[in-house]
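Visitor: Pasting the sequence and the predicted coordinates here, then a few questions.
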Amino acid sequence: MGIAALAGFTGRAAQADPSTDLEGRWRVEKKDAIVLVEQRDGGIAGKVVWAKDRDGIKGDERLDTKNPRPELRSRKVLGLDILTGLPAAPDGEGWYRGGRIYNPKTGKSYPVRVRRDSPDRLRLRVGGSVVGQTTYWTREP
């Protein structure tokens, strides 16, 4: 193996793989929220940083009214962690597994795994492998 090939190999190994980096601002598929995904507490989490005005309620005034815990129904959706429990690094297939995603529209939480399909698109598999759905988030500038 030549020196140039070896240098290229060691350079790639020393850097994080950008194809698996989830950090950034992501617009959800329905285009009614933006989630900031970031490394936090040894893992990956995502919080709502923008919510669309809907039903006469401004996005920054929307409350978590569907939460199953009554004491949490008065908290704002803006700033709410909706993506939690993901590991800091993906598995060998590029998936971040073992997380949870909370839907403030329904007050329900689901298992989720996340994978970066391209620099500007995340694939989220929500629910189980048999009964579940796939949704896509798009990077925001």
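Guide: The structure has been received and is ready for your questions. Numbers count the residues shown, from 1 in each chain.
Visitor: hang on, isn't Gln133 packed against Arg123?
Guide: No: here Gln133 does not reach Arg123: they are 11.2 Å apart, not a contact under C-beta atoms under 8 Å. (C-beta placed from N, C-alpha, C; glycine too.)
Visitor: Looking at the two, which one has more neighbours?
Guide: Arg123 (16 against 9; other C-beta atoms under 10 Å).
Visitor: check contacts around that one.
Guide: 114-117, 134-136 (C-beta atoms under 8 Å, 6 or more residues apart in numbering).
Visitor: From Tyr102, how far off is it?
Guide: With distances taken as C-beta to C-beta, to the nearest Å, Arg123 is found 18 Å from Tyr102.
Visitor: So which of the contacts of Arg123 is surrounded by the most neighbours?
Guide: Highest neighbour count within the contacts of Arg123, by other C-beta under 10 Å: Val114, with 24 neighbours.
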